[in-house]
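Colleague: here's a sequence, model it:
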Amino acid sequence: MGDDCCNKKGEALAKLAAQAEQRRVLIIVLVINAVMFFAEFSAGLVARSSALQADAVDMLGDAVVYGLSLFALGRGQRWEAGAALAKGGLILVFFAVIVIDIALKLVHGVPPSTHLMLIFGSLALVANLTCLALLWRFRALNVNMSSTFECSRNDVIANLGVLVAAGAVAWFGAGWPDIVVGLAIALLFLRSAIRVIRSAWPEFRA
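Modeller: Predicted coordinates:
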């Protein structure tokens with residue numbers, strides 16, 4: 001009986017240690033994304049780049065996502081599923097924001113600055129690869145952490161898109177590649193939101 005009690009205590013302590021490690025990682029990636037949002041969005045405004053601004057908005061979304069993940073951590077399956085649903089809804093909002101920005105660019109846009117796109121797109125890629133590496137071992141732990149990992153993976157894809165857009169704008173001497181990549185990032189958000197909501201909704205109801 002004493003051994004059983006010790007085993008239960010050991011399991012409880014291991015669970016608490018795992019949650020503490022998740023919390024530490026989430027705080028780190030939240031700070032990285034918040035800092036990069038301000039840097040990248042400012043650069044996107046100066047560069048007049050839809051792709052760069054879309055990527056920056058994704059950074060802000062992820063900072064909020066990581067905050068929701070921290071809030072739900074250790075509160076139980078329903079809280080974690082609820083946080084994942086909130087993330088899915090937030091991603092949908094950012095999808096709409098980017099589509100509106102692209103529509104405005106189509107009417108009033110001018111070719112973006114490829115130098116700023118390359119510099120800040122590269123910085124964002126390094127930041128998001130760091131976040132992805134930190135979150136990798138938690139990617140299949142539960143619906144909360146898997147949805148968080150999916151957001152970070154989307155960021156890496158979006159960063160690569162920004163760099164491709166910068167090269168294409170420079171090659172063609174026109175702004176349409178930037179708009180195309182911005183729209184592709186928006187569609188990536190839509191796909192991710194649908195996947196997160198579909199995954200979290202059954203657990204939330206249960």
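
Colleague: only C-alpha atoms from now on, for both contacts and neighbour counts.
Modeller: OK.

Colleague: ok, Val57 - contacts?
Modeller: Val57 makes contact with 37, 41, 94, according to C-alpha atoms under 8 Å, 6 or more residues apart in numbering.

Colleague: what is whichever helix or strand Ile119 is part of packed up against?
Modeller: Secondary structure from DSSP states H and E places Ile119 in helix 114-135. Under the contact criterion of 3 or more C-alpha pairs under 8 Å, 6 or more residues apart in numbering; DSSP states H and E, helix 114-135 touches helix 2-47, helix 50-72, helix 143-172.

Colleague: quick one: closest of those helices to Ser122.
Modeller: Taking C-alpha to C-alpha, helix 143-172 is the member of those nearest to Ser122, at 7.2 Å.

Colleague: so for the closest one, mean pLDDT?
Modeller: Rounded to a whole number, the mean pLDDT of helix 143-172 is 79.

Colleague: and stretch 87-104, by the same measure?
Modeller: Stretch 87-104 shows a mean pLDDT of 78 in the predicted model.

Colleague: checking Ala174 next. Helix, strand or coil?
Modeller: Using DSSP: H, G, I helix; E, B strand; the rest coil, the secondary structure recorded for Ala174 is coil.

Colleague: picking that back up, and the helices and strands packed on helix 114-135, which is most packed in?
Modeller: Of all those, helix 50-72 has the most neighbours on average by mean count of other C-alpha atoms under 10 Å, namely a mean of 25.
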